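*Asks:* Here's my sequence, what's the structure:
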Amino acid sequence: MINKVDRNAERLRRHRRVRAKISGTSQAPRLCVYRSNKNIEVQVIDDTKGITLCSSSSESLKLEHGNNIEAAKLVGADIAKKCLALKIENVVFDRGGYIYHGRVAAVAEAARENGLKF
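*Replies:* Sure thing, here's the model as predicted:
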């Protein structure tokens, strides 16, 4: 019998392991990335209050192709601008259980280039 691997369940296990170690505060909220097959979504979350401060996605930016690195760079730049408008400079990066590569890395690098520190 062939064992099937549930990739999303494995990702969620990794995500829970990472979330046990990091948390967003008012001074440094958590920048959380979610990557789907069609889009990429980013939220800035204050875990102490349990609220989302701002968010951005390739869907909200109405990008034609939301599943490539160029879209991820635009989403990263957009979230950085929204954070700076809210006077948030420092964030804690939460890769969401994904490896730091491709679209996830592109979001992080674009956010750093546009003024966020993490």
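
*Asks:* Can you name the element that comes right after the biggest helix by length in the chain?
*Replies:* For the chain, the longest helix by residue count, based on DSSP state H, is helix 69-85. Downstream of helix 69-85, the first helix or strand assigned by DSSP states H and E is strand 92-94.

*Asks:* now that next one, how far from the centre of its chain.
*Replies:* In terms of CA atoms, centre = their mean, to the nearest Å, the centre of strand 92-94 is found 7 Å from the chain centre.

*Asks:* Give me the residues contacting it.
*Replies:* Strand 92-94 is contacted by residues 18-19, 22-24, 28-33, 108, 118 when judged by CB atoms under 8 Å, 6 or more residues apart in numbering. Where C-beta positions appear, they are placed from N, C-alpha and C, glycine not excepted.

*Asks:* ok, 7 Å please
*Replies:* With CB atoms under 7 Å, 6 or more residues apart in numbering as the test, strand 92-94 has contacts from Val18, Ile22, Gly24, Ala28, Arg30, Leu31, Cys32, Val33, Ala108, Phe118.

*Asks:* Also stretch 15-25?
*Replies:* Applying CB under 7 Å, 6+ apart, the contact partners of stretch 15-25 are Arg30, Ile45, Asp46, Asp47, Thr48, Val92, Asp94, Gly96, Gly97.

*Asks:* What's the separation between the fifth one and Glu41?
*Replies:* The one in question is Thr48. 22 Å (CB to CB, to the nearest Å).

*Asks:* Now render the contacts of strand 92-94 as CSV, adding distance to Ser57.
*Replies:* Formatted as CSV, those follow (distance: CB to CB, whole Å):
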residue, distance to Ser57
Val18, 21
Ile22, 22
Gly24, 18
Ala28, 22
Arg30, 16
Leu31, 13
Cys32, 12
Val33, 10
Ala108, 16
Phe118, 19
